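A.B. asks: Need a 3D model of the following:
(chains A, B, C and D)
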Amino acid sequence: MGRLKGKKDLQTLTKHFEAFEKGVAKDNAAERSGVTDRKGKGKARSAGQVGLGLGSKVFDGLRFCISPEIGAVSKHKSWWDIIAKMGGTVVIRPDTAITHVIYDGRSAALLARELGLDTLSELPEGTVCVKWDWVVKCKMANKVLETGPWLSFQKTAFNRAFSSNAAIREGSRMRDITTDLLKGRSISITKRREPSASDSETESSKKQRAAPSVLERQPQPPKPVPQRSSEAAPTAPADAYRDNATTHGAGRGPGWENPLANKGDGLDELISGLQDGTIREDEDESVKENGIANEVADDEYEGTNPCLVADKFKCGQNHDGADDKSPNEYLARKFEEMYDLYQGVAGKDFFSVRNYRMAAGIMRRTPWPITKGADASKIKGIGANLAERWIDEFLSGRPGRLFYEDTSQARAIAAFKDIYGVGKSQANELYKRGARSIDDLRADPERYGLTSGQQVGLELYDDLRARIPREECKAIYDLVRSEAMAIDPKLWIEIMGSYRRGQEASGDVDFLITEDTEDGGSHAGVMGKLVNRLRDRGVITHELSQPHDWRALEAKWMGVGRATPEGKYRRIDILCIPFDQWGAALIYFTGNDVASAPSQTITAGRGLSMGKGSGSGCSGSGRPKDRLDVRSASLESGFWASIGYRFV
DNA sequence: TGGACAGCGCATGAGC
DNA sequence: GCTCATGCGG
DNA sequence: GTCCA
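C.D. replies: Here you go, the predicted model:
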C-alpha cells in the first residue's frame, strides 16, 4: 500500500463520492416533501444509503480531529469532506469527544504542538492517532478497519487508553464537550469509547442518530483564506473624470479614458489618490478610522488645502504611490475570517463584529510588523481586547478561540446571510428551522417562507455573490444609458460606486439620474419609463424594490439584470435625485469611505453632515446649523470648494 | 462608567 | 384601510 | 469591540 496507490485510491474515492452525493441530494429532496420531522428524515436517509450499498455511514459516531496544516487547505478540505460523507464528524481542535486524530507526520511532539497540547496524553482516553491511509482503506473496505497498520506512531501506540479525567484537567486547552452538552448544545458523541474493527456500524449509527439534531452533523471544510479581489492594487486606468457637468452635458459615459488635464474635479483627485495602489475597497473603514484618528489638533500642520483638515486625510495628501503588502497580512486575514464568520451570528454585538473588519484593515495598513498584542494595542482602533484575546492568540500560532467557534453552524448561517435579502436575523431563523445549506433551502423553498426578494436572492445566489468585472459594469451602463437617452437626451446619468472609483470589479451597478432644471427640464417620470424599457429589452430581469412614487424626483429602484442573455445576473440600483443634490449625491454614492469619511468629517466639523436626507437633500439633515449650502453644489468641484477642499 | 458608533428608504407583517 | 415596528441594504 | 466625555 504505497503512497501512490493511496493517492489513486483517493481519486477513485473522489469520483465515488461525487456520484454518491448526487444520490443523497435526490433522496433529500424526495424525503422532504413527505417527511417534516428531521430525525425521521435522518433515519430514512440512512436507510436509503445503506440500501445503495455505498456504506456512507461507516464513521458514524466517530469524531476526527484534523489539525489544519498551513498551505494544505485543499487537502484538509478534501479530507474533511470525505470523512463527513462517511458519517464522521470533523473538528479542527481536539476536544474531549474525539475518537481519532488524523496525522501523517512524524513526531508525537510535533503533533501535540499542532494541536495546541503540551503532550498527546492530554487527548481523551482511547483517542487513536492514525494516518490518512487508514481512512482510505476504511472507505474501500466499507467498514471501520483495525487501525494497527496505520497508526501514526507505531511505538507510542496512542491507541492505548489514557485517563480521560486527567485530560480535562484544569488549564487544559481542550474543549470539554460535556460543558457544551450542559449548555444545551447537542454533540454527537456522548461517551468515550474505543473504536475498533468489531464496531457494528449499524449499532453505532443508531446511537448517533438518537442524538437530537446533531450540531455538527454536516461538518464543512474550512473556508480557504478569503482572497480579496484586490490582491494586486488595480493597475488602474487613469480614470480621472472630466468635469461632471461637461461629461453629462455632452452625453458622454464615464470615460476612464484619459482625463483632460486641469479638468478634473475634486473627486478625481481622490480617485487618483486611490489609484496609487494603497487604498482598496473593503478596507475603507480603517482608512476612515485612521484618518479621523490622525486629524484634528495639529495646528502646525502645513497643508495646501484651504481646509487644513483635508490635508490630514490620505486622499488629501500627496501620495508616493509606494505601498506594498502589509507585513501583517496574516493578521488581517484572520480578522477578516472572524468578521465573515461572526457577522451572521446572533448574539454577537454589531459593533464588535464591525470592529473585526476594521481591525483587519488596520492590520493591513500598519507598515511595521506586529509581533505582539501589546504593540498593536498602541494603534488607534486596537484595544486591549483585540490585542490580548485575538492578536496574541493568532500570533501564538495556535488556532485560538476562533476555531472553537468556527462551527458548521456559524458557516451555514454565514452562507445564508449571503443571500440577498437575508440578514442576520433571517439567517439564524433558517438555521433554526433546520436548513443547513443553500441547497437545503433550494430543495424546499416553501418550508422556509422566503419573501419574494429572498427567493430571487436564493435563485441567483452564486451570480449575485460574484463580483462584476469592470467591463461588464460598463456594458450594463451603456445599455442603461442608451435607454435613458432615448427617453430624454438631456438626462444626466452616472454610474456610481466602486466602478466610478476605478475598481476592477464591483458588487453591483448603481446609477444616479437627474436632469438640469435650468431650462425647466425635469427627470420626473423617467424612472418608470426607464425600468420598463430595460425590462422590455431583457436587461432588467428581476425587481426587488420599487419607488413609492415612480414620478417623484427622488426615487429608488432596486433589482437584478444582466448585460447579455447569457451573462450572469447582477444587482442593479437606479436612483433619481433632484438636480441640486447631484454633486453631493455623486460623491456620497460614489461611496468611497476614503472620500466620504473626510468629507463627512469635515462637513460634520462645520456643523454639517452629508446624509442624503429625503426632503432636505444633502445639506446635513436640514439642521439649522447649516452654514454652507452644500445642496447648491450640483457639481462635485463645487461641493469640494464649498467645504474648503483644494481641487485641481 | 456609560453612550456613540449614520441615517434612511423600502418590504413585510402585526396590530388596529 | 391604516400605522408602526422590524429587517435589510447601500 | 474601541473611543471618548
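A.B. asks: Can you find the residue of the stretch 351-500 of chain A that comes nearest to DNA strand D?
C.D. replies: Of all residues in the stretch 351-500 of chain A, A:Gly383 sits closest to DNA strand D, at 2.3 Å by Cβ to the nearest atom of the strand. No exception for glycine: its C-beta is placed from N, CA and C like everyone else's.
A.B. asks: Just give me the neighbour total for that residue.
C.D. replies: Counted with other Cβ atoms under 10 Å, residues neighbouring A:Gly383 total 14.
A.B. asks: Next, give phi and psi for it.
C.D. replies: Here is the backbone geometry of A:Gly383 (degrees, to the nearest 10): phi -100, psi -170.
A.B. asks: Looks like it contacts A:Ser377 (just checking).
C.D. replies: Yes - using Cβ atoms under 8 Å, A:Gly383 makes contact with A:Ser377 at a distance of 6.2 Å.
A.B. asks: pretty sure A:Phe394 contacts A:Leu331?
C.D. replies: Yes - with contacts counted by Cβ under 8 Å, A:Phe394 reaches A:Leu331, the gap being 5.8 Å.
A.B. asks: did I read that right, A:Ala415 in a strand?
C.D. replies: No - counting by DSSP: H, G, I helix; E, B strand; the rest coil, A:Ala415 is not found in a strand; it is helix.
A.B. asks: Alpha carbons of stretch A:556-576, as PDB, please.
C.D. replies: The C-alpha trace of stretch A:556-576 is given here as PDB (Å, rounded to 0.1, in the frame of the first residue of the first chain):
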ATOM      1  CA  LYS A 556     -35.100  54.500  -5.800                       C
ATOM      2  CA  TRP A 557     -35.400  51.300  -7.700                       C
ATOM      3  CA  MET A 558     -33.600  48.100  -6.900                       C
ATOM      4  CA  GLY A 559     -33.400  44.900  -8.900                       C
ATOM      5  CA  VAL A 560     -31.500  42.500 -11.000                       C
ATOM      6  CA  GLY A 561     -30.400  42.400 -14.600                       C
ATOM      7  CA  ARG A 562     -27.700  41.300 -16.900                       C
ATOM      8  CA  ALA A 563     -25.700  42.700 -19.800                       C
ATOM      9  CA  THR A 564     -26.400  39.800 -22.100                       C
ATOM     10  CA  PRO A 565     -28.900  36.900 -22.000                       C
ATOM     11  CA  GLU A 566     -26.100  34.600 -21.300                       C
ATOM     12  CA  GLY A 567     -24.500  36.800 -18.700                       C
ATOM     13  CA  LYS A 568     -24.600  36.500 -15.000                       C
ATOM     14  CA  TYR A 569     -27.400  38.200 -13.100                       C
ATOM     15  CA  ARG A 570     -26.200  41.300 -11.400                       C
ATOM     16  CA  ARG A 571     -27.600  43.700  -8.800                       C
ATOM     17  CA  ILE A 572     -28.700  46.900 -10.300                       C
ATOM     18  CA  ASP A 573     -29.800  50.000  -8.400                       C
ATOM     19  CA  ILE A 574     -31.200  53.100 -10.000                       C
ATOM     20  CA  LEU A 575     -31.600  56.300  -8.100                       C
ATOM     21  CA  CYS A 576     -33.200  59.500  -9.200                       C
END
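A.B. asks: which parts of that stretch are buried?
C.D. replies: A:557-563, A:569-576 (16 or more other Cβ atoms under 10 Å).
A.B. asks: Among these, name the ones in strands.
C.D. replies: Using DSSP state E, the subset of the buried residues of stretch A:556-576 located in strands is A:Trp557, A:Met558, A:Gly559, A:Val560, A:Gly561, A:Arg570, A:Arg571, A:Ile572, A:Asp573, A:Ile574, A:Leu575, A:Cys576.
A.B. asks: Could you export the residues you listed as a markdown table, including pLDDT and distance to DNA strand B?
C.D. replies: What follows is these, written out as a markdown table (pLDDT from 0 to 100; distance: Cβ to the nearest atom of the strand, whole Å):
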| residue | pLDDT | distance to DNA strand B |
| --- | --- | --- |
| A:Trp557 | 96 | 8 |
| A:Met558 | 97 | 7 |
| A:Gly559 | 97 | 10 |
| A:Val560 | 98 | 13 |
| A:Gly561 | 97 | 16 |
| A:Arg570 | 98 | 19 |
| A:Arg571 | 97 | 14 |
| A:Ile572 | 97 | 14 |
| A:Asp573 | 96 | 10 |
| A:Ile574 | 96 | 11 |
| A:Leu575 | 94 | 9 |
| A:Cys576 | 94 | 10 |
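A.B. asks: how does chain A divide up, domain by domain?
C.D. replies: Domain assignment for chain A, taken from the TED database, gives A:1-25+A:57-157, A:328-405, A:408-465, A:468-586.
A.B. asks: can you list those in TSV and add distance to DNA strand C?
C.D. replies: Below are the domains of chain A laid out as TSV (distance: least, Cβ to the nearest atom of the strand, whole Å):
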stretch	distance to DNA strand C
domain A:1-25+A:57-157	26
domain A:328-405	9
domain A:408-465	2
domain A:468-586	5
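A.B. asks: What are the boundaries of the strands in chain A?
C.D. replies: Counting by DSSP E, the segments of chain A that form strands are A:63-65, A:89-91, A:100-102, A:128-130, A:468-469, A:491-495, A:505-506, A:509-515, A:540-545, A:555-561, A:570-576.
A.B. asks: Ok, which of these comes nearest A:Gly449?
C.D. replies: strand A:540-545 (17.5 Å; Cβ to Cβ).
A.B. asks: Take the closest one, keep the C-alpha atoms, and write them as PDB.
C.D. replies: Only the C-alpha atoms of strand A:540-545 are listed here, as PDB (Å, rounded to 0.1, in the frame of the first residue of the first chain):
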ATOM      1  CA  ILE A 540     -33.800  44.000 -16.200                       C
ATOM      2  CA  THR A 541     -34.900  40.600 -15.100                       C
ATOM      3  CA  HIS A 542     -36.000  40.900 -11.500                       C
ATOM      4  CA  GLU A 543     -37.400  43.600  -9.300                       C
ATOM      5  CA  LEU A 544     -36.500  43.800  -5.700                       C
ATOM      6  CA  SER A 545     -38.000  47.100  -4.600                       C
END
